[in-house]
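A.B. asks: need coordinates for the below:
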Amino acid sequence: MHNGNVVLTLHTHLPWVLHHGAWPHGSDWLCEAVAECYIPLLNILNELVEEGSTSKMTFDISPVNCEQMEHPDFEEIFLRYCQDKILGAQADYEYFIHSEHEQFFAPMAKFWESWYAQKRDEYLYRYNKSIIGGFKKLQDAGVIEVMTCGATHGYFALLGMDKSIRTQMKVAKENYIKYFGRAPRGTWLPECAYRPGFDWRTFVKSPHHQHPAYRYGVENFVKEQGIEYFVVDEHLPKGGTPLGVLIDQDGGKQRLMSTMAPEYTHFPWNFDKSPMSLYNVSSHGDIENQKTAVAFARHQNIAMQVWSAEAGYPGDPDYLDFHKKKMPSGLRYWRVTDTKADMQYKQPYNPDWILGKIGNQIHHFVYCIEGALGHYKYQTGKEGTLCLPFDTELFGHWWFEGPLFIKALLKALHHSPYASAVTASEQLDHIKPHEVMRFPEGSWGENGNHNVWMNDGTKWTWELIYEAEQRFDAIMGKFDPKKMDATMRRLCTQAMRELLLLQSSDWQFLITTWSARDYAERRFMFHYSDFKKLCDLAEHYAASKKLSKEDDHAVTEMEERNSIFPELEIEWWNDPLKPHQDYVPGAKPAKKKVAAKAEESTAKPKAAAKPKAETKPKTEAKAKSEAKPKAAAKKAAPAQKK
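C.D. replies: Below is the predicted model of the structure:
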């Protein structure tokens, strides 16, 4: 008996790192992800197609990641990275065979030499130097679905202006169409951060946003671009407030029947607030003036079988240890051994030992999945939606054997009579949810709130972001883009790029977790400095119509350094939604009785607090010392992020 579907979702994002260093912070992060995660995952998905598997999964690939993987400079950077690893493996082999006590590592050095040569050749020939092209081909074949994400992974719930959120989503949609040839149906909210519509203000020491003013809920900015769904963490539906149900009407329109309406009939397990249910999200239930989008919620108990610090699968003693590396090659030769063991006690890794372990873990994981869906179906009579979102970098980078785990999972679900693996859009079309809920504010970070991104160590970044938003908005209000000449447009367009890069949530994450704090602080200030310089030049040029050779050269360097989103149009800041005539920016919806009740649970933005220590798995407790961009700080999560 079929009890429900699994929506396996991998979040594929790294900050813009091209032209901003290599090792230990910079383009090596991207090269590691491509070699260790993206290519192996593409390989196993193509293998499953050849084997006749019908299991499917969903990826979200952030626009900034699309841009840097498809950048003309990336090919040379990646090939050089692979060659460095190959030479490092060869040097390690020579060292080991002449070593008195470490000769048993020599075969593993040969393994790495062959492994990186294979990844280089797959990049060049199997995927024709285009990782995004590999994902597009799978989506076009119906094997996977690719979602989009905020353009530069801006933290929507804390950005100071609705125009910033709208621009992040507009750029994301246009960038997706450029690479995938169609519009996206779903989006990943950066850090799964959601904020409903309410009278918002900031609590940082900034001259801006000190007085409460109405802000639209995040769902509006998602649906404005024609995007139908997004992903949140489990505690949001659990803390949600039922508003009503959507009733289909003639002409394809819908109306909301309030839960307070006399004609509303409550059925058992309506609004069960379970992560296995899909809900239309609305801040007020005013669907005539505001928009709704559907939320998929992470099922934490099942996901923790992979993420848990104490019992997660990646911590098996025989798996490759992430932390211990031989320098200068940076290659790994040791297994986990014991999650509590000091580095000196790590034992040699043997690839032949892992296949049986993966089989046993998949048997247990599928048993948990089938059991959870079966219990939900027995209890409610409804088919469940089991959403399992993870960082893509978990599978291959942090957990070297992870892609094999994904392949085994999809194969097992192909044969399961109780659960199937489908894409998010397929599940949305299958369930067609009609229940409407108001969600509280939250993220998938530590404690489910914004503390990882807004705390005493990061407040200063938000003060500068709010200042930059206001300045760019003032320039766009003062100078009509339609009347700008080529030079003025050039300056404003690059300023807009720098503002988008400034808004990346990665900077606050890396600062809070100390995983690459110095790099993040420098990068943030570089973008802020370039943004200010460009705004100064734009205002000076508007008055004088002159741009010196020195300034022209400086702008050229900025364009080469941060050559992201060539399709960017400055008009999108003020008017990204021409087809949507029903959207009135800044208009506060009229309160209805049902809306008033829903607003009683509205949470005000919390005052910034000091960052708290994360719960990290024993397998990766020292991740921040490795200075990786996805090292820690997500709720009950391993050291990647979530």
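A.B. asks: can you pull out the low-pLDDT segments for this structure?
C.D. replies: By pLDDT under 70, the low-scoring segments of the chain are 309-310, 576-642.
A.B. asks: residue ranges for the strands of it, please.
C.D. replies: 4-12, 57-61, 144-149, 186-188, 198-200, 213-215, 229-232, 241-248, 254-258, 279-281, 293-297, 384-391, 419-421, 435-438 (DSSP state E).
A.B. asks: so what secondary structure elements neighbour the second one?
C.D. replies: Under the contact criterion of 3 or more C-beta pairs under 8 Å, 6 or more residues apart in numbering; DSSP states H and E, the helices and strands touching strand 57-61 comprise strand 4-12, helix 131-140, strand 144-149, strand 186-188. Where C-beta positions appear, they are placed from N, C-alpha and C, glycine not excepted.
A.B. asks: Throw these into a markdown table and include distance to residue 234, thanks.
C.D. replies: Listed next are the helices and strands packed on strand 57-61 as a markdown table, based on distance: least, C-beta to C-beta, whole Å:
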| stretch | distance to residue 234 |
| --- | --- |
| strand 4-12 | 14 |
| helix 131-140 | 27 |
| strand 144-149 | 19 |
| strand 186-188 | 16 |
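A.B. asks: got TSV for the ones you listed, with distance to residue 79 and mean neighbour count too?
C.D. replies: As requested, the helices and strands packed on strand 57-61 are arranged in TSV below (distance: least, C-beta to C-beta, whole Å; neighbours: other C-beta atoms under 10 Å):
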stretch	distance to residue 79	mean neighbour count
strand 4-12	21	25
helix 131-140	14	19
strand 144-149	25	25
strand 186-188	30	26
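A.B. asks: out of these, which is closest to residue 461?
C.D. replies: Taking C-beta to C-beta, strand 144-149 is the member of the helices and strands packed on strand 57-61 nearest to residue 461, at 20.1 Å.
A.B. asks: okay, now the sheet partners of that closest one, with direction.
C.D. replies: Paired neighbours of strand 144-149 in the sheet (DSSP bridges): strand 57-61 (parallel), strand 186-188 (parallel).
A.B. asks: could you dump those into a markdown table and include distance to residue 567?
C.D. replies: Below are the strands paired with strand 144-149 laid out as a markdown table (distance: least, C-beta to C-beta, whole Å):
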| stretch | distance to residue 567 |
| --- | --- |
| strand 57-61 | 16 |
| strand 186-188 | 18 |
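A.B. asks: of those, which is nearest residue 107?
C.D. replies: strand 57-61 (33.5 Å).
A.B. asks: what about that closest one, distance to the chain center?
C.D. replies: 10 Å (C-alpha atoms, centre = their mean, to the nearest Å).
A.B. asks: again with stretch 417-434
C.D. replies: That offset, for stretch 417-434, works out to 21 Å (C-alpha atoms, centre = their mean).
A.B. asks: now it: buried residues?
C.D. replies: Neighbour counts over stretch 417-434 (16 or more other C-beta atoms under 10 Å) mark 418-428, 431, 433-434 as buried.
A.B. asks: any chance of those in CSV, plus distance to residue 164?
C.D. replies: As requested, those are exported to CSV (distance: C-beta to C-beta, whole Å):
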residue, distance to residue 164
418, 44
419, 40
420, 39
421, 36
422, 34
423, 30
424, 26
425, 27
426, 32
427, 31
428, 27
431, 32
433, 29
434, 32
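A.B. asks: of all the residues you listed, which comes closest to residue 326?
C.D. replies: Distances from residue 326 to the buried residues of stretch 417-434, taken by C-beta to C-beta, are shortest for residue 421, at 37.7 Å.
A.B. asks: ok, back up a step: quick one: which of the buried residues of stretch 417-434 sit in helices?
C.D. replies: Of the positions in these, 424-428, 431 sit in helices, assigned by DSSP state H.
A.B. asks: out of those residues, flag the one nearest to residue 15.
C.D. replies: residue 424 (24.5 Å).
A.B. asks: just give the nearest non-adjacent residue to that closest one, would you?
C.D. replies: residue 58 (4.7 Å; C-beta to C-beta, 6 or more residues apart in numbering).
A.B. asks: contacts only, for the one you found.
C.D. replies: Going by C-beta atoms under 8 Å, 6 or more residues apart in numbering, residue 58 touches 7-10, 144-147, 186, 423-424.
A.B. asks: dump the residues you listed to JSON lines, plus distance to residue 393.
C.D. replies: Shown next, in JSON lines, are the contacts of residue 58 (distance: C-beta to C-beta, whole Å):
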{"residue": "7", "distance to residue 393": "19"}
{"residue": "8", "distance to residue 393": "15"}
{"residue": "9", "distance to residue 393": "14"}
{"residue": "10", "distance to residue 393": "9"}
{"residue": "144", "distance to residue 393": "17"}
{"residue": "145", "distance to residue 393": "20"}
{"residue": "146", "distance to residue 393": "17"}
{"residue": "147", "distance to residue 393": "17"}
{"residue": "186", "distance to residue 393": "20"}
{"residue": "423", "distance to residue 393": "21"}
{"residue": "424", "distance to residue 393": "20"}
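A.B. asks: looking at the residues you listed, which is nearest residue 92?
C.D. replies: Among those, and counting by C-beta to C-beta, the member closest to residue 92 is residue 10, at 31.1 Å.
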